[in-house]
Every structure is written in C-alpha cells, then in structure tokens.
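A.B. asks: Any chance you could fold what I've pasted below:
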Amino acid sequence: MITKILIPTDFSEVANNALQYAIQLAKKTHASIHVLYVKNIPIMDNSFPNNVYQSYLMEVEEFTKKSFEDLTIKYLKNAELAFETHTAFGFIQDEIQNFSEKKNIDLIVLGTTGASGMQEILIGSNAASVAASSAIPVLIIPPTSRFEEIIHMVYATDYNEPEFPAISRLAYFANLYDADVS
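C.D. replies: Numbering: from 1, shown residues only. Got it, this is the predicted structure:
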C-alpha cells in the first residue's frame, strides 16, 4: 500500500514531469506527496569572504522559496491531495535516503535527464544512485514520458534477488490499474 510518495526536485522541467506522474499515482492511491529539494552547500576555504558566502546562502533561500511557490501554484494547489514541501542540505542521494527513512516513504518518483557521456556521469548518476541504494521502490521517469493510465506491465528479473517483495509490489500496481502483467 502506498500512503506517502517522495518527489525529489531541482525545479527543472524533468523534475516537474516526474511530479505530474507522482500526482496521478497519489490520486489513484490516496497518498500524500512530499516534495524534497536538496541544497548543496559549497565547500569554501578560509580565504573566501564571509559576506559573499552569506549572500550566496540568501540567494539559495530566495530561489528555493520562489521555486516552491511556483511549483505549488502550477501543480499542487489544485491537485486535491495532501502535500508538503521540504528542504535538506547535503548530498542528494544521502538526503533522499535519510528523508525516506525518517518519513516512512513508500515510493520515490524522480525524473532523469536521459543525458549521455559526461552529462550522464555527472547528472544522470543521481537517479541511478538513488535507485541502486534504495530499499524503497523507485520510479524513474524519462524526460519525454507523459503520464497515461497503466494498461500493461512487464516484470524483468535477473533471478539474483528474492523475488517475492518485487512481485508483491507489481501485483499491487497491476491490481490498482487493472493492468495485464507479462
């Protein structure tokens, strides 16, 4: 059963697309949505002027506040579901995992850029890292995907892990959408 969905965001169109998926899933499951923005704090040495660092932090705070306001107006306010916005400081993968455990999140929905080459290493690695390290199911949404009702589902396996938890989750989603499973 899904009662809490986490959507990590960087306020990009890719993240907003994933949010739209999460909203539709939340409506179907009657789950609440938790939108998380992880702020990276730059590491600076002692020679960096303190007032510049403070100014940077204020800009990050203003950006975050404005971005959450825009996101709420555009996507969440009229979605008719419970939602909360959150921020954290640190490394994206660690903060997503910590937040998920602390808030008992049932599903993580995040977008991926679909980048290649060096961009994939630097940007696309966030989604891959979260999926690889999470004990919580992760739904990764490519940038060109648009939400449609689920009709068919495919289950792929490498037979290396115990299958029952994954099959149980698959059955839950299949039942929820009355979908065929291959």
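A.B. asks: three-state assignment of residue 155?
C.D. replies: Assigned state for residue 155: coil (three-state reduction, DSSP: H, G, I helix; E, B strand; the rest coil).
A.B. asks: Distance check, it against residue 169.
C.D. replies: 10 Å (CB to CB, to the nearest Å). For the C-beta atoms, the positions are set from N, CA and C on the backbone; glycine is no exception.
A.B. asks: Same question for residue 84.
C.D. replies: Spatial separation of residue 84 from residue 169 under the definition CB to CB is 24 Å.
A.B. asks: more neighbours, those two?
C.D. replies: With other CB atoms under 10 Å as the criterion, residue 84 and residue 169 differ in neighbour count, and residue 169 comes out ahead with 15 against 12.
A.B. asks: Now the more buried one: closest residue in space, sequence neighbours ignored.
C.D. replies: On the basis of CB to CB, 6 or more residues apart in numbering, the spatially nearest residue to residue 169 that is not a chain neighbour turns out to be residue 137, at 5.8 Å.
A.B. asks: State the next helix or strand along the chain beyond the helix of greatest length in the chain.
C.D. replies: Within the chain, and with DSSP state H defining each element, the longest helix by residue count is helix 50-71. Heading C-terminal from helix 50-71, the first helix or strand you meet, by DSSP states H and E, is strand 83-89.
A.B. asks: after the helix or strand of the chain with the lowest mean pLDDT comes which helix or strand?
C.D. replies: Evaluated with mean pLDDT, DSSP states H and E, the helix-and-strand set of the chain has its lowest mean pLDDT in helix 118-119, which scores a mean of 46. Proceeding C-terminally, helix 118-119 gives way to helix 125-133 as the next helix or strand, assigned by DSSP H and E.
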